[in-house]
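Participant: 3D model of this:
(chains A, B, C and D)
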Protein chains: 2
Amino acid sequence: MTSHEQSLQYLQSLGYRLTPQRLLVLEIVAEGGSHMGVDEVYRQARAAYPYMDLATVYRTLRLFKQVGVVTEVAIGNRLHYELTDPGEKHHHMVCRDCHRAFNLSPHYLEEFRDTLIKEFGFAPDLEHFTVSGDCVDCRAGAAPAAGSTINNADNWENAES
Amino acid sequence: MTSHEQSLQYLQSLGYRLTPQRLLVLEIVAEGGSHMGVDEVYRQARAAYPYMDLATVYRTLRLFKQVGVVTEVAIGNRLHYELTDPGEKHHHMVCRDCHRAFNLSPHYLEEFRDTLIKEFGFAPDLEHFTVSGDCVDCRAGAAPAAGSTINNADNWENAES
DNA sequence: TATGTTATCGCCAATGTTTGCATTAACTGG
DNA sequence: CCAGTTAATGCAAACATTGGCGATAACATA
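Facilitator: Down below sits the predicted model:
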């Protein structure tokens, strides 16, 4: 059984229905690998199933995010999604200049989470956590890496040390 | 000289022009006290100067945020702004259930910032930092405080300990 | 397998926010 | 104080995302 099928069974176990549209969106996000823009998911879905509606894509991704199947990252002011890897969860640092995203190990936030819970009873939603800021290259004034468009998989580097 | 005037002089020193619209928006945000929704700023601005355009309000607030005059907080999916108090900077925790916002002392993030810079050369933009999550009351299943609308100043509590 | 219930879909309109562009008005230097 | 330069405005249209609603199809039950 593939991991998509597991995710779909999980959805079903929560009482959500298993529709072809959901299967399709899940496959696309899974295949996409790195963070996919909504428009790209929509384009691919529509290619496979011409009746697919944009609103359905948004609703499906929101649902997936809600149940933890995908992770949402806001880049610039657009939403992007990647399959949540249960073994390799990570947060994101997004550069506000070049808009590249870097992965951040959860380890760096554990202490922060504990503090908020203990001090304020506030349970932060770190599943969907993203910090924006300035990355090394942009701080150095270096030109961003070639072809730095949001949907270019090369922009997604791994910053775990 | 009031602090608004200082802010405006600062804008001017950066090469931005000092327009009546900017003065107006700044005054409104300053008077508003707690976090103001864009629509509310727009309504008040339009009342004082009927030609005021929504786009101008957005552009002005974005500029103010960029230069650090105001702080932006995303609540639900709307943008809110408050005057940046240079002496009393703070971050925000927003409850995704009741949508109340709580202030968070910068102290809790200093270590996190240092780590990111040291390990990855990534300088996080904590001026505009917000964590979403579940607040004490909502976690306890308690009904949110009476009159919990976003623009109600009473919702803005101070969580500094 | 047939049937009923109701979640989900596709379509369309509304929302919140951003952008393009011609006009206006802040600043600059004479 | 006047004229030139150019940033900022107002307007309208674009864009990204969300919501309402009737029709459809997924699941449960028999």
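
Participant: Which helix or which strand is home to the nearest residue to A:R96 once chain neighbours are set aside?
Facilitator: Spatially, and ignoring its direct neighbours in sequence, A:R96 is nearest to A:S132 (4.9 Å; Cβ to Cβ, 6 or more residues apart in numbering or on different chains). Just so you know, the C-beta spots here come from the backbone N, C-alpha and C atoms, and that holds for glycine as well. If you go by DSSP states H and E, A:S132 is part of strand A:130-134.

Participant: and that strand, is it in reach of DNA strand D?
Facilitator: No: counting by Cβ under 7 Å from any atom of the strand, DNA strand D is not contacted by strand A:130-134; separation bottoms out at 13.2 Å.

Participant: Can you tell me which helices and strands that strand packs against?
Facilitator: strand A:91-95, strand B:123-124 (3 or more Cβ pairs under 8 Å, 6 or more residues apart in numbering or on different chains; DSSP states H and E).

Participant: Next one: the residue of chain A positioned farthest from its centre relative to A:H91, how far apart?
Facilitator: Relative to the centre of chain A, the most outlying C-alpha is that of A:E119, 29.2 Å out, by Cα atoms, centre = their mean. Here the distance between A:E119 and A:H91 works out to 21 Å (Cβ to Cβ, to the nearest Å).

Participant: related to what we said a few turns ago, tell me how many other residues crowd the residue nearest to A:R96.
Facilitator: 21 (other Cβ atoms under 10 Å in any protein chain shown).

Participant: Show the contacting residues for it.
Facilitator: Neighbouring residues of A:S132 by Cβ atoms under 8 Å, 6 or more residues apart in numbering or on different chains: A:M93, A:V94, A:C95, A:R96, B:P124, B:D125, B:H128.

Participant: Check whether the second one really touches A:V131, as I assumed.
Facilitator: What that stands for is A:V94. Yes: A:V94 lies in contact with A:V131 (Cβ atoms under 8 Å); the separation is 7.4 Å.

Participant: wait, does the next helix or strand after the strand holding A:S132 make contact with chain B?
Facilitator: Downstream of strand A:130-134, the first helix or strand assigned by DSSP H and E is helix A:136-139. Yes: residues of helix A:136-139 contacting chain B under Cβ under 8 Å from any Cβ of the partner chain: A:V136, A:R139.

Participant: low-confidence ranges in chain A?
Facilitator: A:1-2, A:141-161 (pLDDT under 70).

Participant: And the helices in it?
Facilitator: Listed in chain order, the helices of chain A (DSSP state H) span residues A:3-13, A:20-32, A:38-48, A:54-67, A:107-120, A:136-139.

Participant: could those helices go into a markdown table alongside distance to B:Y81?
Facilitator: Listed next are these as a markdown table, based on distance: least, Cβ to Cβ, whole Å:
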| stretch | distance to B:Y81 |
| --- | --- |
| helix A:3-13 | 38 |
| helix A:20-32 | 34 |
| helix A:38-48 | 27 |
| helix A:54-67 | 26 |
| helix A:107-120 | 23 |
| helix A:136-139 | 25 |
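
Participant: which of those helices sits most buried?
Facilitator: Comparing those by mean neighbour count (mean count of other Cβ atoms under 10 Å in any protein chain shown), helix A:20-32 comes out on top with a mean of 19.

Participant: For that helix, give me every contacting residue.
Facilitator: A:3-4, A:7-8, A:11, A:16, A:36, A:40-41, A:44-45, A:48-49, A:52, A:56-57, A:60-61, A:63-64, A:69-70, A:81-83.

Participant: Could you rerun that using 7 Å?
Facilitator: A:4, A:7-8, A:36, A:41, A:44-45, A:48-49, A:52, A:56-57, A:60-61, A:70, A:81-83 (Cβ atoms under 7 Å, 6 or more residues apart in numbering or on different chains).

Participant: likewise stretch A:38-53?
Facilitator: Stretch A:38-53 is contacted from outside by A:Q21, A:L24, A:V25, A:I28, A:V29, A:L54, A:V57, A:Y58, A:L61, A:L79, A:N151, using Cβ under 7 Å, 6+ apart.

Participant: Now tabulate these in JSON lines and tack on distance to DNA strand C.
Facilitator: Shown next, in JSON lines, are the contacts of stretch A:38-53 (distance: Cβ to the nearest atom of the strand, whole Å):
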{"residue": "A:Q21", "distance to DNA strand C": "4"}
{"residue": "A:L24", "distance to DNA strand C": "9"}
{"residue": "A:V25", "distance to DNA strand C": "8"}
{"residue": "A:I28", "distance to DNA strand C": "13"}
{"residue": "A:V29", "distance to DNA strand C": "14"}
{"residue": "A:L54", "distance to DNA strand C": "7"}
{"residue": "A:V57", "distance to DNA strand C": "8"}
{"residue": "A:Y58", "distance to DNA strand C": "9"}
{"residue": "A:L61", "distance to DNA strand C": "10"}
{"residue": "A:L79", "distance to DNA strand C": "12"}
{"residue": "A:N151", "distance to DNA strand C": "16"}
